[in-house]
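Novice: What would the 3D arrangement of this be:
(4 chains)
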Number of protein chains: 4
Amino acid sequence: MAHTERDKKKLLQRVHRIRGQVEAIERGLEAGQDCYKVLQTVAAARGALNGLMAEIVEGHIRSHLLDADVSPADRTEAADELVDVVRSFLK
Amino acid sequence: MAHTERDKKKLLQRVHRIRGQVEAIERGLEAGQDCYKVLQTVAAARGALNGLMAEIVEGHIRSHLLDADVSPADRTEAADELVDVVRSFLK
Amino acid sequence: MAHTERDKKKLLQRVHRIRGQVEAIERGLEAGQDCYKVLQTVAAARGALNGLMAEIVEGHIRSHLLDADVSPADRTEAADELVDVVRSFLK
Amino acid sequence: MAHTERDKKKLLQRVHRIRGQVEAIERGLEAGQDCYKVLQTVAAARGALNGLMAEIVEGHIRSHLLDADVSPADRTEAADELVDVVRSFLK
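Specialist: Take a look at the predicted model:
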């Protein structure tokens, strides 16, 4: 967990922003806000989640696949996980 | 805002689930959870947001574009908004 | 098929560009091109296909959902098709 | 280019299928086919391109990031390229 630990502050800031967007969606729906406004907030939250994912995947690649201290077995596992993740958003 | 009003309960349930997922991402990062686990939760939240978006877009189409009571001007505006939304996730 | 007929030339130009990109992928693979180059062409083709899809969906919305001459039954069918398409890329 | 060379036959089969789909889109537009049919072919081609991309990315990870014979400099370059590709479809 090296990299999410090291990047924790930055990643948590992203998560807090996403949480704020999800709460804005909730308030918008509760208040009967125009659905186009709600959709724009949903689209923004989706973009922010994509950004968070890209950030964690990048950390994953750099820490678990590049780091010279990683054992071959751990590196292979990290590669399998990465392939899984890539396949999940290329479906 | 007819349709998000009518589907409010269902839509809010979806939003609550997404909020729970975002909170799980937050807790996972705070606790130094394995990054693959975090990524899987991020992917699940993204899928749930997509589902919410599809649901609202469907309501938008059925209420603002199909409903016979909608004025031509409002229908045109709803179509422009829909085109915007579609373009935003086909970028 | 009013709109794809009317926009035929523009749409076919897009398709020809995509076809050229797919042929470039093919040649790249045949020639043992660097895989990053191939991936960039694949990404470009994917972006171009998204653009084509957005263009056709926009025509679909404007012709089949907005046009005053469309019968209620045809409009409902066009809306169902659109919902299907939107769901397919929000999966 | 080890992996696209090794997987050449399989990758080319995928590309040929995509090319067939793009040609079907072209014929559909030329013939004034129902736009929903055209959209379904576009969606299928997009799915097939995603599959091709996933396949090449997987080969990239396994060959350039896992292989013990890769020099540290080449491995770093492969990681940078991968990060680029992942960011491009998480935009």
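Novice: mind saving the C-alpha coords of stretch A:4-19 as CSV?
Specialist: Provided in CSV are the C-alpha atoms of stretch A:4-19 (Å, rounded to 0.1, in the frame of the first residue of the first chain):
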residue,chain,number,x,y,z
THR,A,4,-1.8,5.2,-1.7
GLU,A,5,-0.2,5.8,1.7
ARG,A,6,2.3,8.3,0.2
ASP,A,7,-0.4,10.0,-1.9
LYS,A,8,-3.0,9.8,0.8
LYS,A,9,-3.6,13.5,1.3
LYS,A,10,-3.9,14.2,-2.4
LEU,A,11,-6.2,11.2,-3.0
LEU,A,12,-8.4,12.0,0.0
GLN,A,13,-8.8,15.5,-1.3
ARG,A,14,-10.1,14.1,-4.5
VAL,A,15,-12.5,11.8,-2.6
HIS,A,16,-13.8,14.7,-0.5
ARG,A,17,-14.6,16.6,-3.7
ILE,A,18,-16.4,13.6,-5.1
ARG,A,19,-18.3,13.2,-1.9
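Novice: Pull out the buried positions in it.
Specialist: A:4, A:7, A:11, A:14-15, A:18-19 (16 or more other Cβ atoms under 10 Å in any protein chain shown). (C-beta placed from N, C-alpha, C; glycine too.)
Novice: Tabulate those (JSON lines), appending pLDDT and secondary structure.
Specialist: Shown next, in JSON lines, are the buried residues of stretch A:4-19 (pLDDT from 0 to 100; DSSP: H, G, I helix; E, B strand; the rest coil):
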{"residue": "A:Thr4", "pLDDT": "77", "secondary structure": "helix"}
{"residue": "A:Asp7", "pLDDT": "88", "secondary structure": "coil"}
{"residue": "A:Leu11", "pLDDT": "96", "secondary structure": "helix"}
{"residue": "A:Arg14", "pLDDT": "97", "secondary structure": "helix"}
{"residue": "A:Val15", "pLDDT": "98", "secondary structure": "helix"}
{"residue": "A:Ile18", "pLDDT": "98", "secondary structure": "helix"}
{"residue": "A:Arg19", "pLDDT": "98", "secondary structure": "helix"}
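Novice: For A:Arg46, give me its contacts.
Specialist: A:Arg46 sits next to B:46, B:49-50, B:53, B:89 when contact means Cβ atoms under 8 Å, 6 or more residues apart in numbering or on different chains.
Novice: For A:Ala48, give me its contacts.
Specialist: Per Cβ under 8 Å, 6+ apart, neighbours of A:Ala48: A:14, A:17-18, A:21.
Novice: Which secondary structure state does it sit in?
Specialist: helix (DSSP: H, G, I helix; E, B strand; the rest coil).
Novice: thinking again about what came up before, check the buried residues of stretch A:4-19 against chain D, which are close?
Specialist: Among these, no residue lies close to chain D (Cβ under 8 Å from any Cβ of the partner chain).
Novice: Where does chain A get nearest to chain C, which residue?
Specialist: A:Lys91 (7.3 Å; Cβ to the nearest Cβ).
Novice: Not counting its neighbours along the chain, what's nearest that residue?
Specialist: Spatial nearest neighbour of A:Lys91, chain neighbours left out: D:Asn50 (6.9 Å); criterion: Cβ to Cβ, 6 or more residues apart in numbering or on different chains.
Novice: Check A:His3 too.
Specialist: A:Gly59 (3.5 Å).
Novice: neighbours of the one you found, just the number please.
Specialist: 21 (other Cβ atoms under 10 Å in any protein chain shown).
Novice: isn't it right next to B:Tyr36, touching?
Specialist: No. Counting by Cβ atoms under 8 Å, A:Gly59 does not reach B:Tyr36; the two are 11.6 Å apart.
Novice: Secondary structure element holding A:Gln21?
Specialist: helix A:8-30 (DSSP states H and E).
Novice: residues making contact with the lowest-mean-pLDDT helix or strand in chain A?
Specialist: The weakest-scoring helix or strand in chain A, judged by mean pLDDT, DSSP states H and E, is helix A:2-6 (a mean of 75). Helix A:2-6 is contacted from outside by A:11, A:56, A:59-60, A:62-64, A:67, B:29, B:32-33, B:35, B:38, using Cβ under 8 Å, 6+ apart.
Novice: Recalculate using a threshold of 6 Å.
Specialist: Here helix A:2-6 makes contact (Cβ atoms under 6 Å, 6 or more residues apart in numbering or on different chains) with A:59, A:63, B:29, B:32, B:35.
Novice: which parts of chain A sit against chain B?
Specialist: A:1, A:4-5, A:8, A:11-12, A:15, A:18-19, A:22, A:25-26, A:29, A:32, A:35-36, A:39, A:42-43, A:45-46, A:49, A:52-53, A:56, A:60, A:81, A:85, A:88 (Cβ under 6 Å from any Cβ of the partner chain).
Novice: Report the secondary structure state of the residue nearest to A:His3.
Specialist: Quick answer, by three-state DSSP: A:Gly59 is helix.
Novice: Name the nearest of the contacts of A:Ala48 relative to B:Ala73.
Specialist: Nearest to B:Ala73 among these: A:Gln21, at 30.6 Å, using Cβ to Cβ.
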